[in-house]
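# When you get a sec, could you give me coordinates for this:
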Amino acid sequence: MIRRSHRARKLAIAAPVALALVAGLAACAGGGSGDSSGDVKELTLIAANSPFTEGLKTLADEYKDETGVTVNLEFYGNEQLNDTLKVKLNAQSSDFDIYGYQVQDVMREFSRNGWLADMTSYVENDADWNWEDFQQSARDAVTLDGVVYGVPVMTERHIMYYRSDLLEAAGIPVPTTLDELEAAAAKLNDPANGFYGIAMRGAKVPLVTQFSSFLYSYGGDFQDADGNATVDTPEAKDAYAMYGKLLADYGPPGVTNMGWTEASAIFAQGNAAFYLDADSQAYTFLDPKSSAVVDTVAYGSFPAGPAGSHPYSIVPQTLGINEYSTKKDAAWDFIKWVTNEENSKKLLADDTVPVARDSAWADDTATASFPAGLVEIVRNSQGTVGHDRPQLEKVAQAREIVGTPAITAIEGGDVDAAADKANADFQDLLDGEK
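Alright, predicted model coming up:
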């Protein structure tokens, strides 16, 4: 089981802190930035508070023992981090070398502005470090137009949480398809007694990331490779209809106002049979202080749709190199060391950081702190998709648009018409970025 108190403490960090930590440099790798890695004695890294950045503190002493180089770490909340990065990078600041960022939200903007260094040669030219050991969806997520802009340091997948006791008592097999999920949710739904077949995000913007797995599993996507909006396809319309039906017929009241916090609370309180969301929330249901399902929660792969099971598997934090840094080679050496196979296993084992290396997840000792069912899902993940929302710079506006048909489906409206309108509006947004 996950170490509950440790995980909760890490996620409770709120205030930005700037800590001087000691770290060092391993052998110099190519990159052509002009710095001499052996002469660099100090680096600066800024990132969002997360289990990964907590793990960096633990690793820093070991890194100092090896090299003696100081790495100054500055940690922020997500929004403050993005604001800080934009101010510094817009000013072409070289006072930091490495930064953590959210791929889905800023990689397109930052790469277009020339703020992210091209790391392709770094990751591809070091056979011992082994870029191929990183999950395919994670590598895809940090690659844009054939250029690698960072190393994924955390991953997150869409899974199915369910009440094993209720399924067993009712003689219901664990659903492996969305149709089976609907049938099971219908059988267990008991709204008269405040119990519901399923809980998921239902608010327009928050639901988009979770709807994405339905969309992919029906054979659709938000857009095609040529930049054409595709949320009006038959596959997309069917996915919207299924998402809406599950919540409308078997979900809790007020679902269109629910994000992950509200939806997960219903499951944690023992008031829903199924909950579909990110695997990073597993700790929520394993803490007896906040969960009534500690002994009954189980984990299943995302159920297959007509096109198979294709859940998102995203990268919530990536380490990139500041294009304006004068220490790019040294920055790479630090990133390479932190994300090597040995340290990835340490982060997974000691800090429950969901790292991106397959070899770490394959190690029984490294995964001992995680629920066995969750580990098996990660190990057997196939067909995952490296994005969970539309892929463009104006992603916030896009989520407002593509989330609307799902609300229409939940409320029993004309899904086809809503999807057609959303597609036209989304296309206008895409065209504006060409």
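# mind giving me the domain ranges of this structure?
Using automatic domain parsing, the domain ranges for the chain come out as 4-155+315-379, 157-312+388-431.
# and whatever helix or strand Val153 lives in, what does it pack onto?
Here Val153, judged by DSSP states H and E, is contained in strand 151-163. In terms of contacts (3 or more CB pairs under 8 Å, 6 or more residues apart in numbering; DSSP states H and E), strand 151-163 is packed against helix 51-67, helix 136-141, helix 207-217, strand 272-278, strand 297-301, strand 313-321, helix 372-379. (C-beta placed from N, C-alpha, C; glycine too.)
# For the first one, C-alpha coordinates in PDB please.
Coordinates of each C-alpha in helix 51-67 appear next as PDB, following Å, rounded to 0.1, in the frame of the first residue of the first chain:
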ATOM      1  CA  PRO A  51       6.400  14.200  -5.100                       C
ATOM      2  CA  PHE A  52       9.200  14.300  -7.700                       C
ATOM      3  CA  THR A  53      10.600  17.600  -6.400                       C
ATOM      4  CA  GLU A  54      10.400  16.300  -2.800                       C
ATOM      5  CA  GLY A  55      12.400  13.300  -4.000                       C
ATOM      6  CA  LEU A  56      15.100  15.600  -5.400                       C
ATOM      7  CA  LYS A  57      15.900  16.800  -1.900                       C
ATOM      8  CA  THR A  58      16.700  13.200  -0.800                       C
ATOM      9  CA  LEU A  59      18.900  12.600  -3.900                       C
ATOM     10  CA  ALA A  60      20.800  15.800  -3.500                       C
ATOM     11  CA  ASP A  61      23.200  14.700  -0.800                       C
ATOM     12  CA  GLU A  62      24.200  11.600  -2.800                       C
ATOM     13  CA  TYR A  63      24.800  13.800  -5.800                       C
ATOM     14  CA  LYS A  64      27.000  16.100  -3.800                       C
ATOM     15  CA  ASP A  65      29.100  13.200  -2.600                       C
ATOM     16  CA  GLU A  66      29.700  12.200  -6.200                       C
ATOM     17  CA  THR A  67      30.400  15.700  -7.700                       C
END
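# What residues of that helix count as buried?
Neighbour-count burial for helix 51-67, counted by 16 or more other CB atoms under 10 Å, picks out Pro51, Phe52, Thr53, Glu54, Gly55, Leu56, Leu59, Ala60, Tyr63, Lys64, Thr67.
# just stretch 124-138 next, same as before
Buried residues in stretch 124-138 (16+ other CB under 10 Å): Asp126, Trp129, Asp133, Phe134, Gln135, Ser137, Ala138.
# So what's the residue count around the residue lying closest to the fifth one once chain neighbours are set aside?
Excluding the flanking residues, the one nearest Gln135 by CB to CB, 6 or more residues apart in numbering is Ala356, at 5.3 Å. Ala356 sits with 25 neighbouring residues when counted by other CB atoms under 10 Å.
# measure Ala356 to Tyr240 for me?
Distance, Ala356 to Tyr240, using CB to CB, to the nearest Å: 31 Å.
# With Thr53 instead?
37 Å.
# now do Thr70
Counting by CB to CB, the gap from Thr70 to Tyr240 is 52 Å.
# for the stretch 101-250 of the chain, what spans make up the strands?
Along the stretch 101-250 of the chain, the stretches classed as strands by DSSP state E, counting those that start in this stretch are 143-144, 147-148, 151-163, 196-199.
# chain center to the last one, what's the gap?
In terms of CA atoms, centre = their mean, to the nearest Å, the centre of strand 196-199 is set 23 Å apart from its chain centre.
# Over to the third one?
Between the centre of strand 151-163 and the centre of its host chain there is 7 Å, according to CA atoms, centre = their mean.
# next one: stretch 267-281
17 Å.
# end-to-end on that stretch?
11 Å (CA to CA, to the nearest Å).
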